[in-house]
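**Q** what follows is a protein structure lacking sequence information:
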Ligand SMILES: C[S@@+](CC[C@H](N)C(=O)[O-])C[C@H]1O[C@@H](n2cnc3c(N)ncnc32)[C@H](O)[C@@H]1O
């Protein structure tokens, strides 16, 4: 779902990009970076993480977002290079061929995607065998999900158990997990590897 202007103001802050980069750096301590050449970021927003990966790690990165305005902003703040490209994509209907990437990153995106299960399936499809999936997002307790469901038709609403079960069903193994309290919800950080 497209964000409102107010949401964009909050999400597109420089500090938010820096926080996201710090989380990705943490995750990289758990990964074998020698096998990562091609990366995909879903819901890249202003593109800070994609630009960081291309510039600091020389990875070939495609930053994608559902919202063309966000993609334009990413391009203007972090211009495209041989290693850095942006394009408009819906995470639940990716247009890339199977096994295109060694790494997929999705930070704070899945709770915006009504068909979030399809997005998990798409990540599994576009990742190569042994590829990594870094997933940071909110999940809600079962009771809150029940209450919010009628009003949240345009969002992704899932419990941690549900999203984990979809990861497992799509052939992912969990390598790392961390939970950060976030108001009444929790922010979950997972690193997964595709079998
Ligand atoms: C909360 S922002 C997160 C941006 C950035 N990843 C961050 O953590 O700051 C969610 C982003 O996901 C994008 N988005 C929403 N639905 C999407 C979809 N179905 N496919 C791809 N991107 C989507 C929005 O346009 C927005 O840029």
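**A** Yes, it's here. Owing to the predicted nature of the structure, the values given are computational and were not obtained by experimental measurement. Residues are numbered from 1 along each chain as shown.
**Q** what average pLDDT does the longest strand along the chain get?
**A** In the chain, with assignment by DSSP state E, the single longest strand is strand 127-139. Average pLDDT, strand 127-139: 97.
**Q** tell me what the longest helix seen in the chain is packed against?
**A** Counting by DSSP state H, the longest helix found in the chain is helix 14-28. Helix 14-28 sits against helix 48-57, strand 101-107, strand 127-139, strand 185-194, with contacts defined as 3 or more Cβ pairs under 8 Å, 6 or more residues apart in numbering; DSSP states H and E. Glycine gets a C-beta too; all of them are placed from N, C-alpha and C.
**Q** and the longest strand of the chain, how far out from the chain's middle?
**A** 8 Å (Cα atoms, centre = their mean, to the nearest Å).
**Q** and stretch 76-86, does that touch the ligand?
**A** No. Using Cβ under 6 Å from any ligand atom, stretch 76-86 stays clear of the ligand, coming no nearer than 11.6 Å.
**Q** C-terminal to the longest helix of the chain, what's the next element?
**A** strand 38-42 (DSSP states H and E).
**Q** find the nearest non-adjacent residue to residue 107, please.
**A** Spatial nearest neighbour of residue 107, excluding adjacent residues (Cβ to Cβ, 6 or more residues apart in numbering): residue 136 at 4.4 Å.
**Q** for residue 137, that is, sorry about that
**A** Nearest one to residue 137, counting by Cβ to Cβ, 6+ apart, is residue 110 at 4.7 Å.
**Q** hmm, that neighbour is touching residue 116, no?
**A** Yes. Counting by Cβ atoms under 8 Å, residue 110 does reach residue 116; the two are 4.9 Å apart.
**Q** quickly list what's touching both of those two.
**A** 156, 158, 163 (Cβ atoms under 8 Å, 6 or more residues apart in numbering).
**Q** now, which of these sits nearest the ligand?
**A** Set against the ligand, the nearest of the shared contacts of residue 110 and residue 116 by Cβ to the nearest ligand atom is residue 156 (8.4 Å).
**Q** residues in contact with residue 8?
**A** So, once contact is read as Cβ under 8 Å, 6+ apart, residue 8 ends up touching 69-70.
**Q** can we see that at 6 Å?
**A** Applying Cβ atoms under 6 Å, 6 or more residues apart in numbering, we find residue 8 in contact with no residue.
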